[in-house]
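Participant: Next one to model:
(chains A and B)
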Amino acid sequence: DVKVTQSSRYLVKRTGEKVFLECVQDMDHENMFWYRQDPGLGLRLIYFSYDVKMKEKGDIPEGYSVSREKKERFSLILESASTNQTSMYLCASSLQGVNNGYTFGSGTRLTVV
Amino acid sequence: QKEVEQNSGPLSVPEGAIASLNCTYSDRGSQSFFWYRQYSGKSPELIMFIYSNGDKEDGRFTAQLNKASQYVSLLIRDSQPSDSATYLCAVNPGNTPLVFGKGTRLSVIA
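Facilitator: Predicted coordinates:
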């Protein structure tokens, strides 16, 4: 069964900590994405990548960075966690091409205290 | 700004009825359209996609696309309580990531 795996389902971190969220896909997908989802705000795109070592800013990149050293792995980094980054974080991947939908991971619910 | 609009709901339908979920989009050049289902506390799951005008059927689900009206819909026939979820419409404008609507919450009443 093909999968997008996020390393943690629940995470609690302290304000100011550096936080790493890991995402691995086993489908040989070129494209990978990081979203956050908050009630009433829907899915908001943080960063995306169409190739190894490539990254593009999404709609809300402030306070985040990403790393894609290998095709199957896309990491989201919160440089200095803040309480307003408490959210559900969703990783997704897809093949190239406009007719390909995204496969989502199961999500990481991050709480910053 | 590319936008995808959905009625937030909740849309309540009785078991066995047809549920009709609607979505409009702003970018006339959009090329493909997706419907995702998201159960509470879970991640979105792709259930349908469509890229040509008209209807596309898959089991109890039918996606309908009207590019002239910039309108896409999802019909769920013989709705079941297990269909109760939030349904996200997503649009591919072409060379950029999918644009998601905020979703419509569907409640199927037994």
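
Participant: give the contact list for B:Glu45.
Facilitator: Taking Cβ atoms under 8 Å, 6 or more residues apart in numbering or on different chains, we find B:Glu45 in contact with A:104, B:36-38. C-beta: built from backbone N, CA, C; applies to glycine.

Participant: Most neighbours among the residues you listed, which one is it?
Facilitator: When neighbours are counted by other Cβ atoms under 10 Å in any protein chain shown, B:Tyr36 leads those with 25 neighbours.

Participant: shouldn't it be in contact with B:Ser43?
Facilitator: No. Taking Cβ atoms under 8 Å as the definition, B:Tyr36 is not a contact partner of B:Ser43, at 9.1 Å.

Participant: OK, contacts around residue 85?
Facilitator: Chain wasn't specified; assuming chain A. A:63, A:78, A:110, A:112.

Participant: wrong chain, I was asking about chain B
Facilitator: Going by Cβ under 8 Å, 6+ apart, the list of residues near B:Ala85 reads B:37-40, B:105-106.

Participant: now with 7 Å?
Facilitator: B:37-39, B:106 (Cβ atoms under 7 Å, 6 or more residues apart in numbering or on different chains).

Participant: Switch the residues you listed over to CSV; also include pLDDT.
Facilitator: Below are these laid out as CSV (pLDDT from 0 to 100):
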residue, pLDDT
B:Arg37, 98
B:Gln38, 97
B:Tyr39, 97
B:Leu106, 97
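
Participant: Next, format those residues as a markdown table and append distance to chain A.
Facilitator: Shown next, in a markdown table, are these (distance: Cβ to the nearest Cβ, whole Å):
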| residue | distance to chain A |
| --- | --- |
| B:Arg37 | 11 |
| B:Gln38 | 9 |
| B:Tyr39 | 12 |
| B:Leu106 | 16 |
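
Participant: Now go through these and say which are in helices.
Facilitator: Applying DSSP state H to those, no entry is found in helices.
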